[in-house]
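Participant: Output the structure for:
(2 chains)
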Protein chains: 2
Amino acid sequence: MAIEWSGSRDVHLELPAAGPRRQAVVAAIRQAVRDGRLPPGARLPSTRVLAADLGLARGTVTAAYDELAVQGHLLIRPGSGTVVAGPTGAIGPIPARPPAAKPQRLSLLAGRPDVSRFPRTRWLAAARRAVTGAATADFGYGDPMGHPALRRSLAEYLGRARGVLADPDRIMICGGYAHALATLATVLREHGGPVAVEDPSLPDFRRVIRAAGPEVVGVGVDADGLRVAELPDGLAAVVLTPAHQLPLGGTLSARRRTELVGYARRTGALLVEDDYDGEFRFDRQPVGAVQALDPERVVYSGTTSKTLAPGLRLSWLVLPERLVGPMRAARLATDRHTGVLDQLTLAEFFDSGDYDRQVRRCRTAYRTRRDALLAAVAEHADVTPLGVAAGVHLVLLLGDRTEAAVLAAAARRSLALDGLGRYWLGPGPHPQGVLIGYATPAEHAFGPAVRALIGCFDQESH
Amino acid sequence: MAIEWSGSRDVHLELPAAGPRRQAVVAAIRQAVRDGRLPPGARLPSTRVLAADLGLARGTVTAAYDELAVQGHLLIRPGSGTVVAGPTGAIGPIPARPPAAKPQRLSLLAGRPDVSRFPRTRWLAAARRAVTGAATADFGYGDPMGHPALRRSLAEYLGRARGVLADPDRIMICGGYAHALATLATVLREHGGPVAVEDPSLPDFRRVIRAAGPEVVGVGVDADGLRVAELPDGLAAVVLTPAHQLPLGGTLSARRRTELVGYARRTGALLVEDDYDGEFRFDRQPVGAVQALDPERVVYSGTTSKTLAPGLRLSWLVLPERLVGPMRAARLATDRHTGVLDQLTLAEFFDSGDYDRQVRRCRTAYRTRRDALLAAVAEHADVTPLGVAAGVHLVLLLGDRTEAAVLAAAARRSLALDGLGRYWLGPGPHPQGVLIGYATPAEHAFGPAVRALIGCFDQESH
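Facilitator: Okay, the predicted model is just below:
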């Protein structure tokens, strides 16, 4: 016979149907402790509750607890309950929180924001408004496209801040850009054609596309962004970073934007605009979204991973109308929708102006960092920065130095750094370079990280 | 020339490179209003900020705002800023929250909990502890398996409450059961064999499996759960609901559990145990998880969708060791991981005992509802309830009545009800029945819903 008690905590125990009851309770609890199902520090129900649940006399359970205590399995603390003892009979409390993974070294890895800037207090205030103000129905299964409140807030924000023609009915909330891209790629699989990406580009996203089915081909970039004239026919889609090419940092020129949309109209290929750091332009050359040129051929994608925190896993797509149905079906066949409380909290965060404030604060801080970085690098005339006008990263071309030598020097200085090498699809030779994620460190670690970086150049013989 | 201002809010404007400046500002703002990028009620930056950003004299911008106000596009409110006017010149404020979708009728649809029981205050308190106590690194990209704090809390809970042998290193946090199943199904695709599901079973999950690749075959169930002897060889996996079969409500017998594990050992098929309402057993026949019989052959799956709210999209898998690597890779190729703040909040919710308290409260309430429902149905001797010992739903077999007639009568009474018909895979004839999700209504709506249901039987001629 199996017993499950409903005291302060549920514990599943198996009691034999017959035989002495006290021994049965002792054996069942001992087994649960040995299995690890009752770990050190776990609290047991009171003898009253357990006796009632098992249909036994309370004295039987008390005797069983006493016996287990004598055997060293339980620790009875009058007034504060009975808990499972540790291996030595001492209480081994379950830590409420794991020891935080201490960053063991400096980091200028690209693609991350300074997460110490996450606005905890304001986010909590928004969460309070969201949870308090939510309709009861919001806690049930939601719309695969995302909560209407967030989609409306986003439509307003994307329209004014990024020049996106965003109809709330075309916005889908996703769990980060990788999730959005993976979902898109399953829909693109129907097309049968390959997906073009920029060469160089982030290898992670190539893996995401391939895992969903489509083949991936690379098309070169230069200072004006993707070389549109080199796009082959027959593509299912072109995925690109027009505002700030990842990694080289170019901006897709006005002429190429027009050519790109012309290409899409001629071939039927979908354009996927990854506006991953569109909020972070520092110099007076802002560029709007390609999406505004032809909302029926461009999917616009944005994320909170650079403005708030990657850990949130929140992003959005603005879809051409013909993709709304297939994308909705794709979500229903996988995760149904993104968690509603995060969505409502983000909606409150937009509506209160907190999102704009956060972006503005980060932009100011990152611009200052960029300037300091460029000033430090300027002492090395053979190191050439690229993509400095925007974003949360830039590239340093290394001249005669090799990427391997600089990365080795960085490792000796306990500095995490990303080389350009793994970003290329095509065969080399490629220019040697490293990516500098200058938004990555916390404020106090930025100076030391830059000094360590400069030290790599000072030291390297070349 | 494109201008993006960095005042209180970002707005993307396109100004021509040459020509009179005031007219250019007027035209750009008017265009943004017409495009809907600046909707009614949107606040514009101050003339000082915009002038600085555009490199214009402040008087030029003031004159442009005045002109737009005269034209009816803007509304200048001294002291409280300039906003976009509505179509009639009146302010059309952006509603902070959409009108909640009012449930238009009673519902006894299955598979949902009473979401009005969501513990908002306690959840918010847990969220406060989670956000305040999080390590900075928690806001960055996280572990695809889930946050270690939540996995440790879950291991403790699943061990004591459900008899699951749960090692935190084998637990993966997912975005609901559908998401967990979809991820598993992509990994099972490699096997090449079909996936068996119970017949009848929830059609949604068959779609999820098929969308990921594997074929689906149905295997019958009876009062003892899945008819294990009927499982064909060559299966990639068997997905089942052993604690409370969905929909018929049987519990997999001890003998069948042993046979099932034997089948898995002999054929190498994976067992996927969907413990979707394992917390809700009302009578003294609790059953532990099949997983404990052979953790290397059983994937255990649980969710907060029945205990807290489906909208949260939080669930967990306990994996055999050999699946940890492939599942981790599958998450990296899609959504990377579940949002960290929800994960940390749920960990706090477990550690504080709030989760146990919530389960206990719901269990008491749902048992009372079940008893009331059974008492009401008892007046109709030809209606037979199934699966009453547990869960958040039961089935009513309809005797000589047809499902179609009862569903039509329910629709006339504005009662949402789910028929058994769509749950079957194989060809009929099948017993006529309806599913009753007695946890679904809010407390005040439960009585009316049951009365409407009984009315369907009173009325129906058969």
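Participant: phi, psi of the residue positioned nearest the centre of chain A?
Facilitator: Taking C-alpha atoms, centre = their mean, the centroid of chain A lies closest to A:Pro310, which sits 3.5 Å from it. Reported as degrees, to the nearest 10, the phi and psi values for A:Pro310 are phi -60, psi -30.
Participant: just checking, it touches A:Thr440?
Facilitator: No - A:Pro310 lies out of contact with A:Thr440 (C-beta atoms under 8 Å); the separation is 11.0 Å. Where C-beta positions appear, they are placed from N, C-alpha and C, glycine not excepted.
Participant: one step back: let me see the contact set for the closest residue to the residue nearest to the centre of chain A other than its chain neighbours.
Facilitator: Spatial nearest neighbour of A:Pro310, chain neighbours left out: B:Tyr141 (4.7 Å); criterion: C-beta to C-beta, 6 or more residues apart in numbering or on different chains. Listed by C-beta atoms under 8 Å, 6 or more residues apart in numbering or on different chains, the contact set of B:Tyr141 reads A:Arg112, A:Pro310, A:Gly311, B:Arg336, B:His337.
Participant: Can you give me the pLDDT of the fourth one?
Facilitator: Pointing back at B:Arg336 there. What the model reports for B:Arg336 is a pLDDT of 97.
Participant: show me the contacts for A:Arg48.
Facilitator: A:Arg58.
Participant: Please identify the helix or strand for it.
Facilitator: helix A:47-54 (DSSP states H and E).
Participant: For that helix, what is the distance to the chain centroid?
Facilitator: The chain centroid and the centroid of helix A:47-54 are separated by 46 Å under C-alpha atoms, centre = their mean, to the nearest Å.
Participant: A:Ala115 against A:Leu312, yeah?
Facilitator: I think there's a mix-up here, since residue A:115 is Val and not Ala. No - A:Val115 is beyond contact range of A:Leu312, at 10.0 Å (criterion: C-beta under 8 Å).
Participant: Find residues that contact each of these two.
Facilitator: B:Phe139.
Participant: circling back to that earlier point, so the residue nearest to A:Pro310, which state does it fall into?
Facilitator: Under DSSP: H, G, I helix; E, B strand; the rest coil, B:Tyr141 falls in the coil class.
Participant: correct me, but A:Ser153 touches A:Ser352?
Facilitator: No - using C-beta under 8 Å, A:Ser153 is not in contact with A:Ser352; the gap is 9.9 Å.
Participant: Which one's more surrounded, the two?
Facilitator: Remark: of A:Ser153 and A:Ser352, A:Ser153 carries more neighbours, 25 against 16, as counted by other C-beta atoms under 10 Å in any protein chain shown.
Participant: burial of the closest residue to that one other than its chain neighbours, as a residue count?
Facilitator: Closest residue to A:Ser153 apart from its sequence neighbours, by C-beta to C-beta, 6+ apart: A:Phe350 at 3.9 Å. A:Phe350 is flanked by 18 other residues according to other C-beta under 10 Å.
Participant: ditto for the one 5 residues further on
Facilitator: Applying the criterion other C-beta under 10 Å, we find 27 residues in the vicinity of A:Tyr355.
Participant: Which pLDDT value belongs to the closest residue in space to A:Val395 that isn't next to it in sequence?
Facilitator: Excluding the flanking residues, the one nearest A:Val395 by C-beta to C-beta, 6+ apart is A:Leu386, at 4.3 Å. pLDDT, A:Leu386: 95.
Participant: State the distance from A:Leu386 to chain B.
Facilitator: 22 Å (C-beta to the nearest C-beta, to the nearest Å).
Participant: which residues touch that residue?
Facilitator: A:Leu386 touches A:Leu248, A:Gly249, A:Gly250, A:Leu394, A:Val395, A:Leu396, A:Leu397, A:Gly433, counting by C-beta under 8 Å, 6+ apart.
Participant: Any chance of a markdown table for those residues, columns secondary structure?
Facilitator: Below are the contacts of A:Leu386 laid out as a markdown table (three-state DSSP):
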| residue | secondary structure |
| --- | --- |
| A:Leu248 | coil |
| A:Gly249 | coil |
| A:Gly250 | coil |
| A:Leu394 | strand |
| A:Val395 | strand |
| A:Leu396 | strand |
| A:Leu397 | strand |
| A:Gly433 | strand |
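Participant: With respect to chain B, which of those residues is nearest?
Facilitator: Nearest to chain B among the contacts of A:Leu386 is A:Gly250, at 16.5 Å by C-beta to the nearest C-beta.
Participant: That closest one is in contact with A:Ala390, isn't it?
Facilitator: No - the pair A:Gly250 / A:Ala390 is not scored as a contact, 10.0 Å apart, by C-beta under 8 Å.
Participant: if we can go back for a sec, please report the distance of the residue nearest to the centre of chain A from A:His179.
Facilitator: A:Pro310 is 12 Å from A:His179, where distance means C-beta to C-beta, to the nearest Å.
Participant: repeat for A:Pro247
Facilitator: A:Pro247 sits at a distance of 22 Å from A:His179 (criterion: C-beta to C-beta).
Participant: again, but for A:Gly193
Facilitator: A:Gly193 is 23 Å from A:His179, by C-beta to C-beta.
Participant: quick one: which of these two has more around it?
Facilitator: More crowded of A:Gly193 and A:His179, by other C-beta under 10 Å: A:His179, with 26 against 19.
Participant: check which helix or strand covers the spatially closest residue to A:Arg120 that is not a sequence neighbour.
Facilitator: Spatially, and ignoring its direct neighbours in sequence, A:Arg120 is nearest to B:Val131 (5.2 Å; C-beta to C-beta, 6+ apart). Assessed by DSSP H and E, B:Val131 sits inside helix B:120-133.
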